[in-house]
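Asks: Got a predicted structure plus its sequence, pasted below:
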Amino acid sequence: MEASEDRITEKVQSLSDLELAVLICLVADQHCIIEAERQLTRDVLEELKPVATNTFGLTWAVLECTEHTTLDDFGSGILVRGEENDYFGNKAGRGRGELIRGKRNFTRTAVHAAPKPFLFIALNASDTPRLTMHLNDQFFISHKHQADDGLPNLEELQEKNHALDDGASMSSVVRTPPFQPGKHKPQQALFLPDDLETLTKLVSQVRISSEVRAYLYNIIVFMRLHRAVAGGISALATRHFNTLAHIDSSSTLAPLHGLDYISPSMIALAARKIYPHRIVITAPENERSMQWGSSLEAVKAVLEGVTVEDVIEEVLESVEVPL
């Protein structure tokens, strides 16, 4: 078992930030939002394709949603072309539910069951309106991809294509023997199903002390009571917060720390992943102190420029950290 954990730890250490976000969601059996600057979204999309295929052995489908996308467009658009029976098999089902929660995709002609594992990623441009509060709450974590984070899979693919182009240009000068194609063996994914199962078992073994559990819930209370927060600190967010704290503290997903218990630093890290896409900043006229006579202009001055990230960091600084 230790050899298996060491092998998985080496794999985890080789992952990019995007790949790690995907891994966390696969272990938790949840879904995520990825944000990037508008000019980067196309490149991030292309990066996610080999992440799905080469890193985790998943088949992917891409659906670009606009204000004109209908439910029928969405239902049929996410089906993997030509592999519906393998990945979204036609299975009879009753009732209706969201795809994210119920793992069912309802089209006009069938009910398609989601595969296992199944990951839904919402790729959003940073300057676009957020998803509705209810839909946001269903996503486990959010990850912001910055330009300097790099796109290693896409860059590797571009290097290979560049090498092929160079080889093609040389062929007009240097004669080479014709290529003899052999049987192509599909590339094995970096993370196999057994690896994900091992990670899930490790997460179930993580311990949390009463002091650290109190720290986690104090953060939730302080978030709810923050004057700039209008909403987003839901019961589902609390469950996700607790789940992610266990995953972040797994000895495999925190290889640099080698922890099998939850530390306060892991709680803070989980908070920075769980709440950015959920917290709604209040309008000055709705700030709670207005109920007992605060000046609207004074409240506007206090709330001016306050971001979700500011709220999270202020709460983390305010809550006493257990020793």
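Replies: That came in fine, so what should we check first? The model shown is predicted, which means the values in this text are computed figures rather than measured ones.
Asks: Confirm for me that Val229 is in contact with Met223.
Replies: Yes: with contact defined as CB atoms under 8 Å, Val229 and Met223 form a contacting pair (6.3 Å). The C-beta positions use only the backbone N, C-alpha and C, and glycine is treated the same way.
Asks: who touches the helix or strand His143 falls within?
Replies: Following DSSP states H and E, one finds His143 within strand 141-145. Contacts to strand 141-145, defined as CB atoms under 8 Å, 6 or more residues apart in numbering, come from residues 17-18, 21, 24-25, 30, 32-36, 40, 44, 126, 240, 244, 273-274, 276-277.
Asks: Using ChimeraX, make a named selection holding only the buried ones among these.
Replies: Buried subset of these, written as a ChimeraX selection, criterion 16 or more other CB atoms under 10 Å:
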select :18,21,24,25,30,32,33,34,35,36,40,44,240,244,273,274,276,277
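Asks: so what sits against both of Val229 and Met223?
Replies: Both Val229 and Met223 are contacted by Ile279, Val311, under the criterion CB under 8 Å, 6+ apart.
Asks: pLDDT of the host helix or strand of Lys160, averaged?
Replies: Following DSSP H and E, the helix or strand that holds Lys160 is helix 152-170. The predicted model assigns helix 152-170 a mean pLDDT of 73.
Asks: Next secondary structure after it?
Replies: helix 193-204.
Asks: Just the CA atoms of that following helix, as PDB, please.
Replies: Extracted as PDB, the C-alpha positions of helix 193-204 are listed here (Å, rounded to 0.1, in the frame of the first residue of the first chain):
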ATOM      1  CA  PRO A 193      -9.200   4.300 -11.800                       C
ATOM      2  CA  ASP A 194      -7.300   2.400  -9.100                       C
ATOM      3  CA  ASP A 195      -5.400   5.600  -8.300                       C
ATOM      4  CA  LEU A 196      -8.600   7.600  -7.800                       C
ATOM      5  CA  GLU A 197     -10.000   4.800  -5.600                       C
ATOM      6  CA  THR A 198      -6.800   4.800  -3.500                       C
ATOM      7  CA  LEU A 199      -7.100   8.600  -3.100                       C
ATOM      8  CA  THR A 200     -10.700   8.300  -2.000                       C
ATOM      9  CA  LYS A 201      -9.700   5.700   0.700                       C
ATOM     10  CA  LEU A 202      -7.000   8.000   2.000                       C
ATOM     11  CA  VAL A 203      -9.400  10.900   2.300                       C
ATOM     12  CA  SER A 204     -11.800   8.700   4.400                       C
END
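Asks: in the helix or strand just after it, what counts as buried?
Replies: Counting by DSSP H and E, the next helix or strand C-terminal to helix 193-204 is helix 210-225. If you call a residue buried by 16+ other CB under 10 Å, then helix 210-225 has these buried ones: Val212, Tyr215, Leu216, Asn218, Ile219, Ile220, Phe222, Met223.
Asks: packing partners for helix 210-225?
Replies: Under the contact criterion of 3 or more CB pairs under 8 Å, 6 or more residues apart in numbering; DSSP states H and E, helix 210-225 touches helix 235-248, helix 264-274, helix 308-318.
Asks: could I get the ones you listed as a markdown table with mean pLDDT and distance to Glu155?
Replies: Below are those laid out as a markdown table (pLDDT from 0 to 100; distance: least, CB to CB, whole Å):
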| stretch | mean pLDDT | distance to Glu155 |
| --- | --- | --- |
| helix 235-248 | 91 | 28 |
| helix 264-274 | 93 | 25 |
| helix 308-318 | 96 | 28 |
